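Visitor: Here's a sequence, model it:
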Amino acid sequence: MAVESEEHALDRLRENDQDLSRAGESLARRDSSGAGPAALTLQRVGGPSGSAAGTVRLPRADDFRPPAEFREELSESMKERYPHSYERLIQDYFHHWSK
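Guide: I've put the predicted structure just below:
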């Protein structure tokens, strides 16, 4: 019985891996064509784990703004002392996370 369950789980994992690969290929094609915001279309319906159908819009970097307290903490951290040789690296790091 346990072997059958493990084989079934392995089959499901393989199916999911194939689905994710196809979705990734689809997104890569959309990205390279400049077709606008990326979206993932869910097509599988039914099955023992439920169903999903529809389109999910994937967020862009502009869609997220870190909470004010996080941005403030980053700003305050930049005022702390650090080795001069790390200056550019630290500035780039904080600049990236504060966008």
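
Visitor: where along the protein do the strands fall?
Guide: For the chain, the strands defined by DSSP state E cover 39-42, 54-57.

Visitor: weakest of those strands in terms of mean pLDDT?
Guide: Here the lowest mean pLDDT among these goes to strand 39-42, at a mean of 58.

Visitor: Quick one: neighbours of L74, just the number.
Guide: Burial of L74 is recorded as 15 neighbouring residues (other C-beta atoms under 10 Å). Bear in mind the C-beta positions are built from the backbone N, C-alpha and C, glycine included.

Visitor: wouldn't it be in contact with W97 here?
Guide: Yes: between L74 and W97 there is a contact under C-beta atoms under 8 Å: 6.0 Å.

Visitor: how's the chain carved up into domains?
Guide: Per automatic domain parsing, the domain ranges recorded for the chain read 2-58, 68-98.

Visitor: can you count the residues close to M78?
Guide: Per other C-beta under 10 Å, the neighbour tally for M78 reads 14.

Visitor: swap in I90?
Guide: 14.

Visitor: Repeat that for D11.
Guide: Around D11 there are 10 residues (other C-beta under 10 Å).

Visitor: Also P66?
Guide: Counted with other C-beta under 10 Å, the neighbours of P66 add up to 13.

Visitor: Can you give me every residue that contacts it?
Guide: Contacts of P66 were listed using C-beta atoms under 8 Å, 6 or more residues apart in numbering, and they are W97, S98.

Visitor: Mind doing that once more with 10 Å?
Guide: Contacts for P66 (C-beta atoms under 10 Å, 6 or more residues apart in numbering) come out as E72, E73, L74, W97, S98, K99.

Visitor: With respect to pLDDT, which of those ranks lowest?
Guide: Lowest pLDDT among the contacts of P66: K99, 72.

Visitor: Apart from its chain neighbours, what residue comes closest to it?
Guide: Nearest residue to K99, sequence neighbours excluded (C-beta to C-beta, 6 or more residues apart in numbering): A61, at 7.1 Å.
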